[in-house]
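Novice: whatever this is, show me its structure:
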Amino acid sequence: MKVRLYEIFTSIEGEGILYGTKTLFVRLAGCPFKCFYCDTKEALPMTSGKEYQIDEAKKLIENNLAKNTYKVNFTGGDPLAQSEAVSELAKFVQQKKIPTYLESSCFDSVRFAQVLPYFDFIKIEFKTIDSGFVDEAHYSKLLENELQCLRLAIDSGKTTYIKIVISSKTKIEQFKQLLKNIFDITSKSKVAGFIIQPTYGISEPELTQLLDFYDAVYSYYAEVRIVPQLHKFIGAP
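Specialist: Coordinates of the predicted model:
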């Protein structure tokens with residue numbers, strides 16, 4: 001088995017409920033989609049990065065693990081594009097008693113189910129229609145997969161949180177419908193957090209807009225947080 005990696009590096013987690021933690025990032029090459037605000041466009045092509053044998057990739061991870069690393073974050077690209085290889089690598093990390101963290105768009109619930117046993121922290125990222133991740137005709141299928149991934153993660157008992165990126169293009173009524181879809185299948189007691197992440201450097205939402213989105217989530221989940229990408233402000237990769 002082989003895996004294509006774009007980069008491996010240690011930095012500070014800049015997003016989500018575990019922001020601020022020392023993290024080894026394993027960035028997988030390849031994502032079949034592209035959000036207009038994507039900040040890792042160079043890792044999107046399936047031909048980007050470098051191909052390794054699985055044992056070589058395990059050695060790379062082992063050699064790059066710094067002391068006091070809180071977790072290993074598998075990101076991309078999108079890890080689900082290489083689900084079999086990611087399962088092997090995440091299993092390897094778990095055997096070292098280091099928590100594993102999946103950062104994915106959850107575009108494929110079948111692949112998600114394959115990797116789920118090997119992850120401790122799960123971020124379910126719901127894409128908005130305006131993200132450009134898929135066109136409007138295919139959005140319902142994407143949402144179906146994302147919701148199924150949420151069900152699977154919660155049923156597995158893994159620490160699961162929700163993230164939604166908001167831009168100045170995001171419509172509040174579409175966002176409210178997305179919230180209804182989410183909380184029709186789960187409750188506040190079953191998720192470990194709800195993060196609203198504003199876009200950075202492109203189509204940035206205004207504070208008044210962010211507060212409207214905050215209020216919309218608050219009626220379902222009072223522990224909602226607006227968390228920008230911390231690493232962008234401290235100059236970390």
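Novice: quick one: neighbours of A192, just the number.
Specialist: Neighbours of A192 under the rule other C-beta atoms under 10 Å: 16. Where you see a C-beta, it was placed from the backbone N, CA and C, and this is true even at glycine.
Novice: and the lengthiest strand in the chain, what does it pack onto?
Specialist: When the chain is parsed with DSSP state E, its longest strand is strand 2-12. When contacts are defined as 3 or more C-beta pairs under 8 Å, 6 or more residues apart in numbering; DSSP states H and E, strand 2-12 packs onto strand 22-28, strand 50-53, helix 54-64, helix 83-94, helix 230-234.
Novice: and the helices in the protein, which stretches?
Specialist: 54-64, 83-94, 109-115, 139-156, 172-183, 207-218, 230-234 (DSSP state H).
Novice: contacts only, for A90.
Specialist: By C-beta atoms under 8 Å, 6 or more residues apart in numbering, the contact set of A90 is 72, 74, 100, 102, 115, 118-119.
Novice: so where is this protein shaky, pLDDT-wise?
Specialist: Scanning the chain for pLDDT under 70 picks out no residues.
Novice: and the residue nearest the centre of it?
Specialist: The centroid of the chain falls nearest to E103 when counting by C-alpha atoms, centre = their mean (3.0 Å).
Novice: now A216: how far from I162?
Specialist: 13 Å (C-beta to C-beta, to the nearest Å).
Novice: ok, now E223?
Specialist: Counting by C-beta to C-beta, the gap between E223 and I162 amounts to 11 Å.
Novice: who touches both of these two?
Specialist: 193-194.
Novice: look at these two and report which has more neighbours.
Specialist: When neighbours are counted by other C-beta under 10 Å, E223 and I162 differ, and I162 comes out ahead with 27 against 12.
Novice: okay, and the beta partners of that one?
Specialist: I124, F194 (DSSP bridges).
Novice: give the contact list for it.
Specialist: Counting by C-beta under 8 Å, 6+ apart, I162 has contacts 123-126, 150, 182, 191, 193-195.
Novice: out of these, flag the one nearest to E62.
Specialist: Nearest to E62, judged by C-beta to C-beta, of the contacts of I162 is K123 at 24.3 Å.
Novice: just give the number of residues close to the closest one.
Specialist: Counted with other C-beta under 10 Å, K123 comes out at 26.
Novice: over to the one 5 residues further on?
Specialist: For T128, the count of nearby residues is 19 (other C-beta under 10 Å).
Novice: and the residue nearest to it when sequence neighbours are not counted, how far is that from G157?
Specialist: Nearest residue to T128, sequence neighbours excluded (C-beta to C-beta, 6 or more residues apart in numbering): T170, at 5.1 Å. Distance of T170 to G157, computed by C-beta to C-beta: 32 Å.
Novice: between the two, which has more neighbouring residues?
Specialist: T170 (24 against 8).
Novice: what's near enough to touch the more buried one?
Specialist: With C-beta under 8 Å, 6+ apart, T170 has these contacts: 128, 130, 205, 209, 213.
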